[in-house]
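# Please work out how this folds:
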Amino acid sequence: MNILVTGAAGFIGFHVAARLLDAGCRVLGIDNLNPYYDPSLKRARLARLASRAKFEFMHLDIADRAGMVRLFENETPDLIVHLAAQVGVRHSVDNPHAYVEANLTGFLNVLEGARRTHARHLIYASSSSVYGSSVKTPFAIADRADTPLSFYAATKRANELMAHCYWHLYGIPSTGLRFFTVYGPWGRPDMAPFRFARAMFRGETIDVYNHGDMQRDFTYVDDVAEGVHRVVAGAPDGYRLFNIGNSAPVNVMDFIRALECALGSTASKRFLPLQPGDVVSTCADVGDFQAATGFAPATPIAAGVERFVGWYREFYGVQSNGVEDHEHGGGRSLHLLQAS
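Now for the predicted structure:
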């Protein structure tokens, strides 16, 4: 099976591509390697994928209309797994245009490619943030999602509506996956788990928003990759939306305690108010997803955090005193793959 994975150098894209390669699929990954966070981490992920015989990479921005047209003129993937996006709730407050370009224009280019190539199935990343101001938990697919609290969330909800339109007009089967606070090895530096760990390793103070009174349905990245694989392996069925979450929300303070346990140190904390665009609590109802795929995420926080910390120590060469060894850390021996 030939699969196009957009955002293959990203956190979730990297893990999904690896899982699909494990399943014997041929994967063409595309990514623009933008500097939203350290591109060397993205290159390191790609270097891992490049060692796999059935992986190819193309340096391409999904917002590049002409480039995307050429891509789909030369490639006819059986499935498209669309994970490229401009991410970050808080970043969208100050940089909304970046979200229009990547999440709206870019997604339209992907939809058009799926239409032109008659792709068998389009699977794409949505977000738990689409539930916005909803106070009902757990969040269920049947719940209304028309009160976003951030522009990022608004673009993700727009993606779901755009996909529905293309299903209605052109019969393109699509599955949108609302991910819930994904964490784990190779994670994004802008997300709280990574920021907390980095600060704690360096002996710096961590910022804890809403004075610690927040709950997140932290979902381990391998569970997410397996969930995507289950959708890829299944039969497409029109237009669908699913939650992928651990269905076990954890207080942010408890997550910090798990990090402290894994690191063997206590974090210095600065408590701050809730930030614009943030929600207080998330929890996924995954009943529909489990019924459709026979799978539900279940990695305990303690196990996931321990694996994440182990990866961080190895990749950044963290010494016993917590100092990052930049001369020998994982990011020093990486190279950028050429487009193919």
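
# in stretch 205-214, what's buried?
Of all the residues in stretch 205-214, those buried under the rule 16 or more other CB atoms under 10 Å are 206, 208-210, 214. The C-beta positions use only the backbone N, C-alpha and C, and glycine is treated the same way.

# So which bits of stretch 153-167 are buried?
Buried residues in stretch 153-167, counted by 16+ other CB under 10 Å: 153-160, 162-163, 166-167.

# hmm, I was thinking of stretch 134-145
Neighbour-count burial for stretch 134-145, counted by 16+ other CB under 10 Å, picks out 134, 137-141, 145.

# now, which of these sits nearest His118?
Of all the buried residues of stretch 134-145, His118 sits closest to Ile141, with 27.0 Å by CB to CB.

# Tell me where this structure has strands.
Assigned by DSSP state E, the chain shows strands spanning 2-6, 26-31, 55-59, 79-82, 121-127, 174-179, 182-183, 205-209, 215-216, 219-220, 239-244, 250-251, 268-272.

# Need these in JSON lines (columns: mean pLDDT and distance to Val232).
Below are the strands of the chain laid out as JSON lines (pLDDT from 0 to 100; distance: least, CB to CB, whole Å):
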{"stretch": "strand 2-6", "mean pLDDT": "98", "distance to Val232": "7"}
{"stretch": "strand 26-31", "mean pLDDT": "98", "distance to Val232": "11"}
{"stretch": "strand 55-59", "mean pLDDT": "98", "distance to Val232": "15"}
{"stretch": "strand 79-82", "mean pLDDT": "98", "distance to Val232": "6"}
{"stretch": "strand 121-127", "mean pLDDT": "98", "distance to Val232": "7"}
{"stretch": "strand 174-179", "mean pLDDT": "98", "distance to Val232": "9"}
{"stretch": "strand 182-183", "mean pLDDT": "98", "distance to Val232": "17"}
{"stretch": "strand 205-209", "mean pLDDT": "95", "distance to Val232": "35"}
{"stretch": "strand 215-216", "mean pLDDT": "94", "distance to Val232": "26"}
{"stretch": "strand 219-220", "mean pLDDT": "98", "distance to Val232": "18"}
{"stretch": "strand 239-244", "mean pLDDT": "98", "distance to Val232": "13"}
{"stretch": "strand 250-251", "mean pLDDT": "96", "distance to Val232": "28"}
{"stretch": "strand 268-272", "mean pLDDT": "96", "distance to Val232": "40"}
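
# for the buried residues of stretch 134-145, which one is nearest Glu112?
Among the buried residues of stretch 134-145, Ala145 lies closest to Glu112 (CB to CB), at 24.5 Å.

# shouldn't that closest one be in contact with Arg157?
Yes: counting by CB atoms under 8 Å, Ala145 does reach Arg157; the two are 5.6 Å apart.

# Give me the common contacts of the two.
Shared contacts of Ala145 and Arg157, defined by CB atoms under 8 Å, 6 or more residues apart in numbering, comprise Val130.

# what's the distance between Ala142 and Glu314?
43 Å (CB to CB, to the nearest Å).

# Same check on Leu241?
Leu241 sits at a distance of 37 Å from Glu314 (criterion: CB to CB).

# When these two are compared, which one has more neighbours?
Neighbour count, other CB atoms under 10 Å: between Leu241 and Glu314, Leu241 has more, with 19 against 12.

# could you list every residue that touches the more buried one?
Contacts of Leu241 (CB under 8 Å, 6+ apart): 126, 141, 160, 175-178.

# As TSV, the residues you listed with distance to Ala291 would be great.
Listed next are the contacts of Leu241 as TSV, based on distance: CB to CB, whole Å:
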residue	distance to Ala291
Ser126	19
Ile141	12
Glu160	20
Thr175	14
Gly176	17
Leu177	15
Arg178	16
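
# Helices of the stretch 1-150 of the chain, start to end?
Secondary structure of the stretch 1-150 of the chain (DSSP state H, counting those that start in this stretch): helices at 11-22, 39-50, 65-74, 91-94, 96-99, 106-117.

# ok and the second one relative to strand 26-31, angle-wise?
Read that as helix 39-50. Going by axes from the mean of the first three to the mean of the last three CA atoms, to 10 degrees, helix 39-50 is angled at 170 degrees with respect to strand 26-31.

# chain center to helix 39-50, what's the gap?
Helix 39-50 sits 16 Å away from the centroid of its parent chain (CA atoms, centre = their mean, to the nearest Å).

# In terms of secondary structure, what does it contact?
With contacts taken as 3 or more CB pairs under 8 Å, 6 or more residues apart in numbering; DSSP states H and E, helix 39-50 sits against helix 11-22, strand 26-31, strand 55-59.
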